[in-house]
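Participant: got a predicted structure plus its sequence, pasted below:
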Amino acid sequence: MVVQAQEGRLITSSVRVLVATAVPAERDAVARSFTTGDVIAAGVGPALAAAATATALTRAPYDLVVSAGIAGGFQPDAPVGSLVVADEITVADLGAETADGFLPVTELGFGTVTHRPPNSLVRELVRATGARAGAVLTVSTVTGTAERAAGLRHRHPTALAEAMEGFGVAEAAALHGVPVLEIRAVSNPVGPRDRAAWRIGDALAALTEGFGKLAPVLESWKEHDL
Ligand SMILES: O=C(O)c1cccc(C(=O)CC[C@H]2O[C@@H](n3cnc4c(=O)[nH]cnc43)[C@H](O)[C@@H]2O)c1
């Protein structure tokens with residue numbers, strides 16, 4: 001059992017949570033307000049995220065894995081500074097390019113392209129944090145043009161955000177039979193590359209605020225759904 005002091009109250013948690021961020025700044029932003037789970041900086045990109053998450057899952061048992069960090073938001077639905085909870089975690093660039101367009105790997109007869117977090121948990125998180133729920137895409141290349149952003153939204157009309165780790169974390173969790181969530185704070189619009197416009201500080205603050213509301217949600221979810 002893990003105990004956390006929050007606003008003068010003691011919150012106990014029996015849900016064993018692993019949070020996988022990409023970089024130390026994200027890990028620290030989560031750990032600032034979420035002290036009832038383990039938080040790791042797993043690395044940037046889906047491969048390293050999957051490897052580090054799978055390694056952590058072999059070392060200790062967990063009830064839930066959360067992929068978390070900053071992300072690009074599709075405009076106008078996910079403004080900079082907003083929080084997004086994935087109702088699906090979809091890899092957007094795993095497949096084949098053809099003369100007729102992109103074919104996901106599943107249409108080539110292999111694997112998986114989408115993992116779905118528990119519905120009830122997503123709903124409860126939206127209620128508690130005010131986050132928006134939608135698809136979060138995992139890409140290996142940060143989108144840098146309006147054309148690619150439009151193409152991704154055309155193929156994934158419910159997408160709110162793109163990041164680089166969620167699908168890797170979800171694949172590792174699925175191999176271990178553990179449910180997965182993805183929580184992202186929007187640091188930049190998805191579209192033409194403008195590094196100066198990234199609001200990483202605002203996004204990290206939103207991540208801290210969102211994770212501050214997670215522990216009680218997990219407790220009531222465990223009572224009903226685990
Ligand atoms: O200087 C750049 O433009 C640049 C190029 C490659 C990577 C970065 C990063 O800062 C790593 C991205 C990091 O943060 C997540 N993230 C944030 N915004 C986006 C996005 O628009 N598209 C994809 N990923 C994004 C991602 O999960 C990585 O961990 C900067």
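Facilitator: Ah, there it is. Residues are numbered from 1 along each chain as shown.
Participant: what residues does this structure put near the ligand?
Facilitator: Neighbours of the ligand within the chain, by CB under 6 Å from any ligand atom: 22, 44, 69-72, 139, 142-143, 162-165, 187-188, 190, 193, 195. Just so you know, the C-beta spots here come from the backbone N, C-alpha and C atoms, and that holds for glycine as well.
Participant: separate out the buried members of those.
Facilitator: 22, 69-72, 139, 143, 162-165, 187-188, 190 (16 or more other CB atoms under 10 Å).
Participant: tell me the one among the residues you listed nearest to L218.
Facilitator: Taking CB to CB as the measure, G69 is the one of these closest to L218, at 18.8 Å.
Participant: now do the phi/psi pair for the closest one.
Facilitator: phi 160, psi -160 (degrees, to the nearest 10).
Participant: can you name the residues that contact it?
Facilitator: With contact set as CB atoms under 8 Å, 6 or more residues apart in numbering, G69 has these partners: T21, A22, V23, E26, A163, E165, R184, A185, L207.
Participant: is it true that the second one touches I40?
Facilitator: No. With contact defined as CB atoms under 8 Å, A22 does not count as touching I40 (10.0 Å).
Participant: related to what we said a few turns ago, so which of the residues of the chain next to the ligand sit within strands?
Facilitator: Judged by DSSP state E, the subset of those located in strands is G69, I70, A71, G72, E162, A163, S187, N188.
Participant: ok, the third one touching V136?
Facilitator: Yes. Contact status for A71 versus V136: in contact at 6.9 Å, counting by CB under 8 Å.
Participant: who touches both of those two?
Facilitator: V84, A161, E162, A163, R184.
Participant: what about the last one, neighbour count?
Facilitator: Read that as R184. Applying other CB atoms under 10 Å, we find 31 residues neighbouring R184.
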